[in-house]
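Chemist: next one to model:
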Amino acid sequence: MARSPTRRRVLFSAALVCAAALAFSATRLRADAVYDAVNDFSISSGNPNGQWSYGTLSSFTGGAFTAFTTPASNAEEIPGAYLWSNDEGIPYAAAVIQNASGSTARYNTIVQPTNLLNLAVQDNIVAVRWTAPTSGTYDVEGLLQSIDVYSNPVIVGIIEGGTTQLLSQTFNAYGNQASYGGILSLTAGTTLDFAAGIGNGGYTYLSTGLSATITPLSEPVPEPSVAIGLCTSLLGLGVVYLWRRRAKA
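Modeler: As a prediction, this is how the structure comes out:
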């Protein structure tokens, strides 16, 4: 016997709800707010730029943050390169440079791909700071890499709240890398500093590449087993509804 239109509608609706529950349980990330240090960089939005700030630290733990005040385009005479700097001379010059030229930029002794910011360090600590907009849980990914082919020793770090070092390492050669990945519970206003600073070999050849993404995590959602149980319950209710409807007919 052919199924009635009402029966088909009920079963189809239950199947749709089940599919949605299973799809929802497969992910815990919100795609509407991913903070990306490279892609979010801008000189037209001021400093701070949304949740991002660019400047120097007085130390890797408990140090004061001083924001850069000078933006510039065509940095290092490269079309499509932009920077924030402190507009000081050697040996205290400091900057964060974005390469948006579309290809790897080679200038002075630096090799900067498009997927890394350049923390241009001299006798200082250069930092890209992110500030948590709300209290919550965040997935934090960061990569620091030596991009100066001569590479004097440079200290790199990721610092939470100005005092807690999530990463601390010294680079001694071109191409050295350090990465961090973790889930952090942060209160609104907590800072994360992605930083590079002078080591023990002088204030030249210290440029350090940086990429970082910070993704807010969603509220807890049902595990797949819970979603499957929900589907079973919904289908069962649909069958009971149809049986009662048929019994009354």
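Chemist: any idea which helix or strand comes after the lowest-mean-pLDDT helix or strand in the chain?
Modeler: Least confident helix or strand, the chain: helix 5-25 with a mean of 50, by mean pLDDT, DSSP states H and E. For helix 5-25, the following helix or strand on the C-terminal side (DSSP states H and E) is strand 35-36.
Chemist: centre of the chain to that next one, how far?
Modeler: 4 Å (C-alpha atoms, centre = their mean, to the nearest Å).
Chemist: next: stretch 45-58.
Modeler: Relative to its chain's centre, stretch 45-58 lies at 15 Å (C-alpha atoms, centre = their mean).
Chemist: quick check: buried residues in that stretch?
Modeler: Residues 47, 49, 51, 52, 53, 54, 55, 56, 57 are the ones in stretch 45-58 that count as buried (16 or more other C-beta atoms under 10 Å). Placement of C-beta: from N, CA and C, glycine included.
Chemist: for residue 158, see how far away the third one is.
Modeler: According to C-beta to C-beta, to the nearest Å, residue 51 stands 16 Å off from residue 158.
Chemist: what does the fourth one give?
Modeler: From residue 52 over to residue 158 the distance is 14 Å, taken as C-beta to C-beta.
Chemist: kindly report the same for the first one.
Modeler: Computed with C-beta to C-beta, the distance linking residue 47 and residue 158 is 20 Å.
Chemist: ditto for the second one
Modeler: Distance, residue 49 to residue 158, by C-beta to C-beta: 19 Å.
Chemist: repeat that for the last one.
Modeler: To residue 158, residue 57 is 12 Å away according to C-beta to C-beta.
Chemist: okay, and the common contacts of those two?
Modeler: Common neighbours of residue 57 and residue 158, counting by C-beta atoms under 8 Å, 6 or more residues apart in numbering, are 193, 195.
Chemist: out of the buried residues of stretch 45-58, who's nearest residue 216?
Modeler: Nearest to residue 216 out of the buried residues of stretch 45-58 is residue 51 (C-beta to C-beta; 10.8 Å).
Chemist: pass me the low-pLDDT residue ranges in the protein, would you?
Modeler: When residues are selected by pLDDT under 70, those of the chain lie in 1-32, 218-249.
Chemist: so it: which segments form each domain?
Modeler: Domains of the chain are assigned by automatic domain parsing as 5-27+221-248, 35-216.
Chemist: and those domains, which is most packed in?
Modeler: domain 35-216 (a mean of 18; mean count of other C-beta atoms under 10 Å).
Chemist: so which residues of this protein form helices?
Modeler: Applying DSSP state H to the chain gives helices spanning 5-25, 224-248.
Chemist: quick revisit: and of the buried residues of stretch 45-58, the nearest to residue 139?
Modeler: Taking the buried residues of stretch 45-58 together and measuring to residue 139 by C-beta to C-beta, the closest member is residue 51, at 14.8 Å.
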